[in-house]
Every structure is written in structure tokens, then in C-alpha cells.
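# Next come a sequence and a model predicted from it.
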Amino acid sequence: MAEYKEKAYLLLSGGQDSFVCLSWALQRFGEIEAVSIAYNQRHVKELEYASKIATYYGIKHTIYSIGDFLSAISDSSLLNSGSHNAFHQQAKNLPASFVPNRNGLFLTIISNHAFRNKEKHIHIVTGVCETDYSGYPDCREGYIKAKETELSLGLDCTVCIHTPLMWKTKAQTFDMAAEACKLKELIEMTLSCYNGVETLHAWGRGCGECPACKLRAKGFQEYQQSLQ
């Protein structure tokens, strides 16, 4: 029996973390609806994987396009040319792939989507994490809790943001997929690579060189070691 009677709205990128969040949500909510965002990202190929995942699991999927909105006001290697392994132009303590307040914008979009569906208690599921992650400040628990309060006040209804991976390592996300009997699907059906490379490795698809691929490969190696 589902833990929650309400519908959950999942931010589905097509990558490893959002896939594991989908697996988590399927076990806890009576219904799941997925939302993806097209923001002129260099790795837009990920949205094809998001659509395939949604179709495979039979869930409604909406893609919102915000065009060049983020690239017009932000610098990021995910939006423009440049190395993903460099430092950010505005913050040397952050990677070049950081898109300022991207998660905040995405959470606003998906909460508006749910509000338009006349939800009185909005449940959002997102794969943000501050354990094995790239250091993005809008992935941290403090930011997510503040955003939850902001959205609840702005919509005048209760908004709950569920972050099942917040304190999980990448190895533990592989383990979560395995426990749900979805490890094969995770490896073959998701794309986390910043360069949008689809080459299949033991740990999943990707170029193997960008920060996302390195985190994923490292996590898979640690997951395999934990089984020994």
C-alpha cells in the first residue's frame, strides 16, 4: 500500500538520480507524474531518455521549454562552450557546470504545474544531493527547505519537496536501484553525461571524462566493492 495517497510530481532529467527517485516514488505514492525542463542545455539528449523512461513506466510526462532564458542570464559550461572540468567564471569554488539557481527555477515550474492541476497538497520529488555531488549550492538541504517554505507561501498551499537522495552516495543510489530490481534499467536507460555521449559502459552511458560521468563511474565501482 502506498505511503501517500496524493500524486507525486517528479523532476525527471533522464539521468541516474532522477531515475532512482522515480523508483523510490513508485513505491510510496499512488500516482506519479513527471516534468522535465528543456533549457537549451548542451546535453539536451537527456530529455530523450526522460521520455523513454516515462513511457516505459507508463507515467504522464510533460516537457516545458524555457528556451534561452537561463543562457541569457547565466554562465555555465552546460549552456555555453567550455570545459566542464574548469572553474566557474563567477565563483572559483564552484565547477564550470554550475547554473545559478537552476534548481530553484525548476522547482517553481513543477510546483506551478501541480498547482494548475488543482492539487491542494503538492508533493515534489527531486534527485538533489549533497553527498556525492558537484558542489552546487542549490542542491543543499538548507536551500531545498527554504524553497519548500517559499513555494508554500507563494501558492498558499502546502508544498513538500522530497529528496530521497540528499544524504546518499552514488554507490548507495546504485544499491537502491538494485534493491528495487531496476539496476539494469538504471544502467541502460539513463543518461547523466554533460556531453550527451551515449556510449554504454558497465556503470552506464557517457563520455567517461566529464564530472557527471566520473562521479557515476566512481559510485558504481564503490557499489561493486560493497558487494564483495
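Yep, it's here. Numbering: from 1, shown residues only.
# Sort out which residues of stretch 168-186 are buried, please.
168-177, 180, 182-183, 185-186 (16 or more other CB atoms under 10 Å). In short, each C-beta sits where N, CA and C put it, glycine included.
# Between those residues, which sits nearest D138?
When those are compared for distance to D138 (CB to CB), K168 wins out at 17.8 Å.
# My guess is that closest one contacts T131. True?
Yes - between K168 and T131 a contact is recorded at 5.9 Å, counting by CB atoms under 8 Å.
# Check for me that K214 belongs to a strand.
No - assigned with DSSP: H, G, I helix; E, B strand; the rest coil, K214 falls outside any strand and is helix.
# what's the lowest-mean-pLDDT helix or strand in the chain in contact with?
Within the chain, confidence by mean pLDDT, DSSP states H and E is lowest for helix 69-73 among all helices and strands, at a mean of 87. With contact meaning CB atoms under 8 Å, 6 or more residues apart in numbering, helix 69-73 is reached by Y39, N40, S76, L79, N80, V99, R102, L105.
# for the protein, what spans make up the strands?
Using DSSP state E, the strands of the chain run over residues 4-11, 29-38, 60-65, 121-125, 158-162, 200-201, 204-205.
# Please point out the stretch among the ones you listed with the lowest average pLDDT.
The minimum mean pLDDT among those belongs to strand 4-11 (a mean of 92).
# which outside residues touch it?
18, 21-22, 25, 28-37, 59, 106-107, 110-111, 113-114, 117, 119, 121-127, 162.
# what angle do that strand and strand 60-65 make?
40 degrees (axes from the mean of the first three to the mean of the last three CA atoms, to 10 degrees).
# Just the buried residues of strand 4-11, please?
Judged by neighbour count (16+ other CB under 10 Å), strand 4-11 contains these buried residues: E6, K7, A8, Y9, L10, L11.
# For the last one, list each beta-bridge partner.
I take that to be L11. V35 (DSSP bridges).
# Identify the residues contacting K120.
C157, T158.
# Quick check on it: phi, psi?
K120 has phi and psi values of phi -90, psi -30 when expressed as degrees, to the nearest 10.
# For H162, see how far away it is.
Going from K120 to H162 by CB to CB, to the nearest Å gives 17 Å.
# same check, this time on P137
P137 is 20 Å from H162, by CB to CB.
# cool, Y57 as well?
18 Å.
# Next: I109.
17 Å.
# More neighbours: which of these two?
Just comparing I109 and H162: by other CB atoms under 10 Å the higher neighbour count belongs to H162, 21 against 17.
# I figured the more buried one was touching I122, is that so?
No - H162 is not in contact with I122 according to CB under 8 Å; the separation is 10.9 Å.
# Could I get the full set of helices for this protein?
Assigned by DSSP state H, the helices in the chain fall at 16-26, 46-56, 69-73, 102-116, 141-155, 170-179, 183-189, 211-226.
# Can you tell me what sits against stretch 45-55?
By CB under 8 Å, 6+ apart, stretch 45-55 touches 12-15, 18-19, 22, 34, 36, 38, 60-61, 63, 189-192, 196, 198.
# What's the PyMOL line that selects buried ones from these?
Buried residues among those (16+ other CB under 10 Å), as a PyMOL selection:
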select buried, resi 12+13+14+15+18+19+22+34+36+61+189+190+191+192+196
